[in-house]
Structure formats: structure tokens, C-alpha cells
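Novice: Got a predicted model here, sequence first, then my questions.
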Amino acid sequence: MRIALYEPEIAGNVGAVLRLGACLGTAIDLIEPMGFAWDDRRVRRAAMDYIDHVTFTRHADFADFQRTHAGQRRVLFTTKATTSAYAFDYRANDILLFGKESAGVPDAVAQVCDACVRIPLRAEVRSLNLATAAALALGEALRQTGSLPG
């Protein structure tokens, strides 16, 4: 199982997702361009020393990401989906894909995903923070596949 972030814009979110990956043993894919300089200290501050315990890959663009992970199922988390993330059947080698904080993913990216799911929210709110959404999604996917750390 992997988490992929499409063109993330906020260093703190990337740092928190890297920490999540370190704690739960999940690799992270970062699809560029990112909305901040990678040497930004905020990434390391948010990930803390956990950044040394996570496997992550930076991809130059979405095409590079697709080439690297050809054959793996991409599950897009989007507020536009109708299927609940809790009613979806995950597989151990799925890639959980999250769009940029301000705009999600373009239609062309959504169209090549194998599934689109949403985290159910109250009607009067728009969306969760990226790192929070990734944590909820990964927790459910790992639970379903029996892959939570001991």
C-alpha cells in the first residue's frame, strides 16, 4: 500500500503525511510540482525525525508516477465521488491518491484512476485537511487488508 500526493501545496501537510507513512509502514509518492521549495524547513519540522523512517519517492510529474507504478490500482480520494471510502474494498497493493489542497486533481488524472471514493462528511462542511484525510483513508485500507502494524 502507498499514499500518493498530487502536487501538494503545503509543506506541513507533506511532513505530516511522511510521518504517517513512517508510523504505519507505508511508502509515500510525491508528484511534482510542489507548491513549496523542498528544502523548506517546515517539511522536516512536521515530519520531525520520522522522515528518516519512511520510504518516499519524488516524481517529476504525473506521467512519471504512472510509469513507475504501472499495473497498480490507483484509488482517488475526492469530494466529487459518491462511493464511501468505508464501503470500498481495498487491496494490499493499492495506491491511495490525494489531490492538491486547493483544487484536487484535474479531470484527466481522475479519469485514469481505477476508483474514486470519498470520506463521508457532514453536509455543511467542504473537506478535511489533507493529512487528516490521508490518515483516515490509510487506517481503513490497512485495517481491511489486515496490514496494520502490530
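Specialist: Looks like it came in fine.
Novice: could I have stretch 83-96 exported to CSV, CA atoms only?
Specialist: The C-alpha trace of stretch 83-96 is given here as CSV (Å, rounded to 0.1, in the frame of the first residue of the first chain):
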residue,chain,number,x,y,z
THR,A,83,-18.7,5.8,-3.1
SER,A,84,-17.9,5.9,0.6
ALA,A,85,-14.3,5.2,1.5
TYR,A,86,-15.7,2.8,4.1
ALA,A,87,-17.7,0.8,1.6
PHE,A,88,-14.8,0.3,-0.8
ASP,A,89,-12.8,-3.0,-0.9
TYR,A,90,-9.1,-2.1,-0.7
ARG,A,91,-6.2,-4.4,-1.8
ALA,A,92,-2.8,-4.6,-0.2
ASN,A,93,-1.0,-3.0,-3.2
ASP,A,94,-3.4,-0.1,-3.8
ILE,A,95,-2.1,3.4,-4.2
LEU,A,96,-4.3,5.9,-2.2
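Novice: Begin at 23 from now on, thanks
Specialist: Sure, I'll start counting at 23 from here, so that last one is stretch 105-118.
Novice: For that stretch, buried residues please.
Specialist: Neighbour-count burial for stretch 105-118 flags 107, 110, 112, 116, 117, 118 (criterion: 16 or more other C-beta atoms under 10 Å). For every residue, glycine as well, the C-beta is placed using N, CA and C.
Novice: Report the secondary structure element holding residue 139.
Specialist: For residue 139, the host element (DSSP states H and E) is strand 137-139.
Novice: For that strand, which strands pair with it and how are they oriented?
Specialist: Paired neighbours of strand 137-139 in the sheet (DSSP bridges): strand 96-99 (parallel).
Novice: quick one: buried residues of the worst-scoring helix or strand of the chain on mean pLDDT?
Specialist: Least confident helix or strand of the chain, by mean pLDDT, DSSP states H and E, is helix 63-69 with a mean of 71. Neighbour-count burial for helix 63-69 flags 65, 68, 69 (criterion: 16+ other C-beta under 10 Å).
Novice: who's sitting farthest from the centroid in this structure?
Specialist: residue 146 (24.1 Å; C-alpha atoms, centre = their mean).
Novice: What segments of this structure are helices?
Specialist: For the chain, helices defined by DSSP state H occupy the ranges 33-46, 63-69, 84-90, 129-133, 152-166.
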